[in-house]
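Visitor: Let me see the structure of the following:
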Amino acid sequence: MISIPLVFRIDRKWRSAMTDFVFTLKKRNRGKTVYVRDALLLLAAVAVFMASAQTACSKKVKVAIEDTGPVRVVVLPFMVSSVKAGGEKELQWAAMAAPALLIKTSRRLPDIEIVPFWEVMPVAVSAAGAARSFTDDNAAAAANWLSAQWAIVGEIRGTKSPASFSVVVDFIPTNSATVPFRYIKTRRMENIGTNFYLGLRQWLRYATLRPIPLMQVREPGLQKMRQIGEALDKEYGWLANAEPGAAQAAVDEMLLEDDDWAKLMFRPTLYPALTK
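Guide: This next block holds a predicted model:
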């Protein structure tokens, strides 16, 4: 027999309980000799078994995450507001520059499938109405119409400081059982958009439950997107008068940087260079 050393501090109560236990064993075994050491070994074996069972139950079970493919997303025009009288007019170009920069940044994340902006705009104009305003409901309805799972919409607000702006980006799910996600920053205009990648990455981790590798990405500030924002505003008539097909200069600029980005923003049938 293998002897297992056990060390106990045996007080009077323990000694009395063990005596009763041994007596019971002797009685059940009809006078056969039962040693205390055997009883202790039995108790130790039970204790080890219970401890191992508890440890096994307490181990974390890794749940396999199903890969459902890219998340289909609609990026909508931003809303603009300001505490300063007439400030909205000064920010008008940013309403279209912000979604353009978001779409450009999202191309660095392969788990995002962007619905082309030129497909989105007719639906966005209808959903937002003359007020050019989005709520969770009409943003989700626009995304659902385009068979997307999420809508991204935001607002740029001028603050009391003339150089500071508050940026709110809302990620609205079409599934009412899913909780929306919000990203908020206060920045100078030239720095707005430089952290769009981090916001998109945080939301994507929340939406897919998958680890997203962190890349060193630095996009241009929103101020450098002003010409593109003004061109998009005129192209689709969001806040300016619509002039479809008049954005050739902006298209050429985008083609030099990223032709796929340009094809997402402008309708290829109006700009032959996008079909090449």
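Visitor: Make sure Pro268 is actually in contact with Thr275.
Guide: Yes. Counting by CB atoms under 8 Å, Pro268 touches Thr275, with 5.0 Å between them. Every residue, glycine included, has its C-beta placed from N, CA and C.
Visitor: more neighbours, the two?
Guide: Pro268 (15 against 8; other CB atoms under 10 Å).
Visitor: And the residue nearest to the more buried one when sequence neighbours are not counted, its phi and psi?
Guide: For Pro268, ignoring the flanking residues on the chain, the nearest one in space by CB to CB, 6 or more residues apart in numbering is Leu274 at 4.0 Å. Dihedral pair for Leu274: phi -80, psi -10, per degrees, to the nearest 10.
Visitor: Distance of Leu274 relative to Ala128?
Guide: 26 Å (CB to CB, to the nearest Å).
Visitor: got it, and Leu256?
Guide: 31 Å.
Visitor: on that earlier part again, report pLDDT for the residue nearest to Pro268.
Guide: Model confidence at Leu274, given as pLDDT, is 94.
Visitor: hang on, isn't it packed against Met265?
Guide: No. Contact criterion CB under 8 Å: Leu274 and Met265 do not qualify, at 9.3 Å.
Visitor: more neighbours, these two?
Guide: Using other CB under 10 Å as the criterion, Leu274 and Met265 rank with Met265 on top: 28 against 20.
Visitor: can you map out the strands along the stretch 1-150 of the chain?
Guide: 71-75, 79-82, 112-114, 150-158 (DSSP state E, counting those that start in this stretch).
Visitor: And these: which comes nearest Tyr197?
Guide: Smallest distance to Tyr197 across the strands of the stretch 1-150 of the chain (CB to CB): 11.2 Å, for strand 112-114.
Visitor: Which of the three states applies to the spatially most central residue of the chain?
Guide: Nearest to the mean C-alpha position of the chain, by CA atoms, centre = their mean, lies Trp203 at 1.5 Å. Following DSSP: H, G, I helix; E, B strand; the rest coil, Trp203 is assigned to helix.
Visitor: surely it meets Val179?
Guide: No. If you go by CB under 8 Å, Trp203 and Val179 don't touch, sitting 11.5 Å apart.
Visitor: what about Ser166, helix or strand, and which?
Guide: strand 165-173 (DSSP states H and E).
Visitor: Any regions of this protein where pLDDT drops low?
Guide: 1-68, 83-87 (pLDDT under 70).
Visitor: And the helices in it?
Guide: Using DSSP state H, the helices of the chain run over 12-28, 36-58, 87-90, 94-106, 117-128, 136-145, 196-208, 226-236, 248-257, 259-265.
Visitor: Quick check: the closest residue to Met265 other than its chain neighbours vs Ser81, distance?
Guide: Leaving aside its sequence neighbours, Met265 sits nearest to Phe117 (CB to CB, 6+ apart; 4.9 Å). Separation of Phe117 from Ser81 (CB to CB): 22 Å.
Visitor: Compare those two (neighbour count), which wins?
Guide: Taking neighbours as other CB under 10 Å, Phe117 and Ser81 compare with Phe117 leading, 25 against 13.
Visitor: From what I see, that one and Leu102 are in contact.
Guide: No. With contact defined as CB under 8 Å, Phe117 does not count as touching Leu102 (10.1 Å).
Visitor: What about the spatially closest residue to Ala231 that is not a sequence neighbour, how many residues nearby?
Guide: In space, and not counting its chain neighbours, Ala231 is closest to Ala250: 3.5 Å by CB to CB, 6+ apart. By other CB under 10 Å, 22 other residues sit near Ala250.
Visitor: domains of the protein?
Guide: The record assigns the chain these domain ranges, following automatic domain parsing: 12-58, 71-275.
Visitor: highest average neighbour count across those?
Guide: domain 71-275 (a mean of 18; mean count of other CB atoms under 10 Å).
Visitor: Ends of that domain, what's the gap?
Guide: From its first residue to its last, domain 71-275 covers 26 Å (CA to CA, to the nearest Å).
Visitor: likewise stretch 240-255?
Guide: End to end - CA to CA - stretch 240-255 spans 24 Å.
Visitor: contacting residues around that stretch?
Guide: 92, 227-228, 230-237, 261-262, 265-267, 270-271, 273-274 (CB atoms under 8 Å, 6 or more residues apart in numbering).
Visitor: I appreciate the help and will end here.
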